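*Asks:* quick check, what structure comes out for this input:
(4 chains)
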Amino acid sequence: MELKGRDLIAYRAARFLKDGDMVNLGIGMPTKVADFLPEGVEIFLQSENGFIGIGPTPSPEEWDKDVVNAGGQPSSILPGGACFDSCMSFGLIRGGHVDATILGALEVDQEGNLANWIIPGKMVPGMGGGMDLVAGANTVIVMTDHCTKKGEPKILKKCTLPLTAAHEVDYIVTELCVLHYNGEGLVLTELAPGVTVDEVIARTEAKLIIPETIGCMI
Amino acid sequence: MELKGRDLIAYRAARFLKDGDMVNLGIGMPTKVADFLPEGVEIFLQSENGFIGIGPTPSPEEWDKDVVNAGGQPSSILPGGACFDSCMSFGLIRGGHVDATILGALEVDQEGNLANWIIPGKMVPGMGGGMDLVAGANTVIVMTDHCTKKGEPKILKKCTLPLTAAHEVDYIVTELCVLHYNGEGLVLTELAPGVTVDEVIARTEAKLIIPETIGCMI
Amino acid sequence: MAKSKVVSPSEAAKLLRDGMTVMMGGFTNVGSANKFVLEMVKSGLKDITLISNDAGNDKFDGIGTLICQKRVKKLIASHAGLNPQVAVQMNAGELEVELVPQGTLAERIRCGGTGLGGVLTPTGIGTVVAEGKQIINVNGKDYLLETPLRADVAVIKAWKADEFGNLVYRRAARNFNPMMAMAADIVIAEVEEVVPVGEIDPDMVMTPGVCVDYVVKM
Amino acid sequence: MAKSKVVSPSEAAKLLRDGMTVMMGGFTNVGSANKFVLEMVKSGLKDITLISNDAGNDKFDGIGTLICQKRVKKLIASHAGLNPQVAVQMNAGELEVELVPQGTLAERIRCGGTGLGGVLTPTGIGTVVAEGKQIINVNGKDYLLETPLRADVAVIKAWKADEFGNLVYRRAARNFNPMMAMAADIVIAEVEEVVPVGEIDPDMVMTPGVCVDYVVKM
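*Replies:* Numbering: from 1, shown residues only, chains lettered A, B, ... in the order given. Model (predicted):
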């Protein structure tokens, strides 16, 4: 396999999903997960603005003006889909009906905290449905570049930005490794091909728990 | 007019309703209200098991097995009606969308308390939707015989049976009079033709507030 | 979308175990799984805690059959007056009964299915329903804190399903079914008709298939 | 059933007054009253408190038009990132912004419309959203107490209405509209099509006409 970078992240994140799961994919990188589903795994994508069964992006001529995804972009609904209001949508999210939410991070830390909705003074878009998704989904999977573009760590001892949710992250998937928050700390469970433990430690601010056996991301 | 007894009660209760009101009628005597609506007053009857627009009782051949009223009896739905689940039904009730609930009483008292759902040790049917209706509807109208069949008062200083709701009754309509609970006590606002204040006082345990002017029920 | 969830009545009945908490939709047997309930009885199921709006009756098959056949050790309902067996078994110490106002019952089940820790309702303030419950004042008004209800299995009834379990209810038969379909670990739907996936318009789906585990056509 | 609720856009716009709290349905303008909003602007309406999922954008007419035209003094929303004018006016001290998680916003509006005093949600625990709010522990888990939201006027958008105001929504355009239709003193619905009473099957009604005061076809 020659998977690298964000493709590798998407490939590995997709392996957390089981056949029949209902999944919510965040805007941006997480949408790539749909392209890397394992054979035989069919998932149902929830769009938190009000439906299950996100289909392909329609051409401008085919677009139904009443169908957008949670990013506000033209979308479609697959046969077998279902529409509902916002209370029902977030009822599904908080109620344990969404098996996994996969989303990006500005920062994530060794206490399972996630910050991804605001940079005070710079970017104040609002949390949208993010706080509900992270607090409510059964499994919270963070997809992120291991470091910022400037090479600074994003996986911290303690988030400095306002949190999206506290202690709710289950897995962090980067181009270097998979980390699992086990309720006490971050366990380094898998490495990307060719990546060493020391390399991950060097590029991570958070204290990592290093188990005797570490798997491979592919 | 020769209205008497329960017909008089239903006639007068119906005069509380305004054109366009959504109304919930309890089982038994309150259903008579629909027969005494003033000219030009169209109301929408809610069935708390899940629809608006109660229509006439169908013949056995016409009955749709999925349509019963809140008493569990075969019913019908008028054109323009709407069906919903129990959360929505009681959301309408508690949310101020039901203009009036009209129901019977075992006991009612001068503090606006109503007891109509249980006689401990004798009759334990359950409150059904009664507690929600009395706590939630905008106007609570109690229709009742002024005294029990044995001639004992039903309009008391203090209810002895477990309450359906506290301080929620707005009007009590009997064959003798109309009483209004104004938040402090029961005001005798109207008398049936030929009935005197003294007669009402004699047959009522509750202390009544007697205003200078008292209207007539008809 | 996905594999068919349609199973035989006997397969579905095997999912129920003695001692389980079971929710059953319906209002006076309208919207109840009146056919599947016979499979439940036939399977020998006993000692269940039953959560339903009412106890059916002692004349027709339905929820009442479970009571009459003494399979229920505890009943949580809003009303039980139409099934005299409830009072008989209650007085004999064979059946525990917890009465909950109908609107509160619906909201408590909704909380259980949507990840809410409870709701504040005005219903029951000043009555026996308030005993032992927290009273919380919001904007000057007192409310009862009512907490979530969940079940091991929900046995619901819909009119139509597709093979993925998307459900459509009819008329007053909707009642508690949509909330119960979200509030149990296993959800079994008795339906009158099964159609292929894609035949139900997404806007007409009242319970999304992701909430339903098994569909039984009877 | 009853008189027609259909009025002209200008008649409906007269119901809105400076300083009012106004709810508007929609998610990124899908399910928003994008045509009626122009009547609101034309009427000179200003200083409103706007409750909506988001702030639309600054490119197309819709909710964003009210922001761009500086008619809003306070915005309560879950997200405002697609309309840069929000940040501009916020930083200039011209616009107050209160951000609410999307699922919480939906539940708070639902509480406002259904007579509930609040709900307990896990969303926001451990974040800035929890500041100043009561934390209540139920069954060992912490929840935030979130309180009701109501408005003077709700301006909603539906696909189809009958003359009584029974509404049907389409696809992802349902979102906040059904909850808002219950949570305001005056409810105005912009619709694409008006049909005679009786043409909408009672099972297909998503908002009952009793909740809707005025219908505007645009």
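*Asks:* what about the helices in the chain?
*Replies:* Answering for chain A, as no chain was given. Ranges of helices in chain A, per DSSP state H, are A:5-14, A:86-94, A:130-136, A:197-202.
*Asks:* that's the wrong chain, I meant chain C
*Replies:* Going by DSSP H, chain C shows helices at C:9-13, C:36-42, C:63-68, C:84-91, C:102-114, C:177-180.
*Asks:* just checking the fifth one against chain D, any contact.
*Replies:* When you say that, I think you mean helix C:102-114. Yes. For a cut-off given as CB under 8 Å from any CB of the partner chain, helix C:102-114 has contacts with chain D, namely C:107, C:111. Every C-beta, even on glycine, is put in place using the N, C-alpha and C of the backbone.
*Asks:* is A:Leu114 in a bridge, and if so with what?
*Replies:* A:Val108, A:Ala165 (DSSP bridges).
*Asks:* next one: C:Ala151
*Replies:* C:Ala184.
*Asks:* tell me the pLDDT of the residue of chain A most remote from its centre.
*Replies:* Most distant from the centre of chain A: A:Glu61, at 31.3 Å, with distances by CA atoms, centre = their mean. Note on A:Glu61: pLDDT of 94.
*Asks:* could you check how far C:Ala87 is from chain A?
*Replies:* 35 Å (CB to the nearest CB, to the nearest Å).
*Asks:* what separates the residue farthest from the centre of chain A from A:Pro74, distance-wise?
*Replies:* Going from A:Glu61 to A:Pro74 by CB to CB, to the nearest Å gives 11 Å.
*Asks:* next one: A:Glu152
*Replies:* 36 Å.
*Asks:* comparing those two, which shows the higher neighbour count?
*Replies:* The neighbour comparison of A:Glu152 against A:Pro74 (other CB atoms under 10 Å in any protein chain shown) goes to A:Pro74, with 16 against 10.
*Asks:* correct me, but the more buried one touches A:Thr57?
*Replies:* Yes. Applying CB atoms under 8 Å, one finds A:Pro74 in contact with A:Thr57, separated by 6.3 Å.
*Asks:* how about the residues of chain C by chain A?
*Replies:* C:1-3, C:110, C:113-116, C:162, C:164, C:166, C:182-183, C:197-198, C:202-203, C:205, C:208-211.
*Asks:* now which of the residues you listed would you call buried?
*Replies:* C:1-2, C:110, C:113-116, C:162, C:164, C:166, C:182-183, C:197-198, C:202-203, C:205, C:208-211 (16 or more other CB atoms under 10 Å in any protein chain shown).
*Asks:* the residues you listed in strands, which ones?
*Replies:* C:Asp162 (DSSP state E).
*Asks:* what about chain A, any weak spots by pLDDT?
*Replies:* A:1 (pLDDT under 70).
*Asks:* got it, and chain C?
*Replies:* C:1-2.
*Asks:* and it, which residues reach chain D?
*Replies:* Counting by CB under 8 Å from any CB, the residues of chain C near chain D are C:107, C:111, C:115-122, C:134, C:136, C:138-139, C:141, C:143, C:145, C:147-148, C:168-171, C:174, C:202-204.
*Asks:* what does chain A put close to chain C?
*Replies:* Residues of chain A lying near chain C (CB under 8 Å from any CB): A:20, A:22, A:42, A:44, A:51-53, A:77-84, A:87, A:90-97, A:136.
*Asks:* hmm, stretch A:91-101 in reach of chain B?
*Replies:* No. For stretch A:91-101, no contact with chain B is found by CB under 8 Å from any CB; the gap never falls below 10.4 Å.
*Asks:* how about A:Lys32, nearest residue that isn't a chain neighbour?
*Replies:* Distance criterion CB to CB, 6 or more residues apart in numbering or on different chains; nearest residue to A:Lys32, sequence neighbours excluded, is A:Ala10 at 3.8 Å.
*Asks:* over to C:Ala87?
*Replies:* B:Val124 (6.1 Å).
*Asks:* OK, contacts around that neighbour?
*Replies:* B:118, C:80-81, C:87, C:90, C:97, C:99 (CB atoms under 8 Å, 6 or more residues apart in numbering or on different chains).
*Asks:* and if you look at A:Asp132?
*Replies:* A:Asp132 neighbours (CB under 8 Å, 6+ apart): A:48, A:90, A:93-94, D:101-104, D:123.
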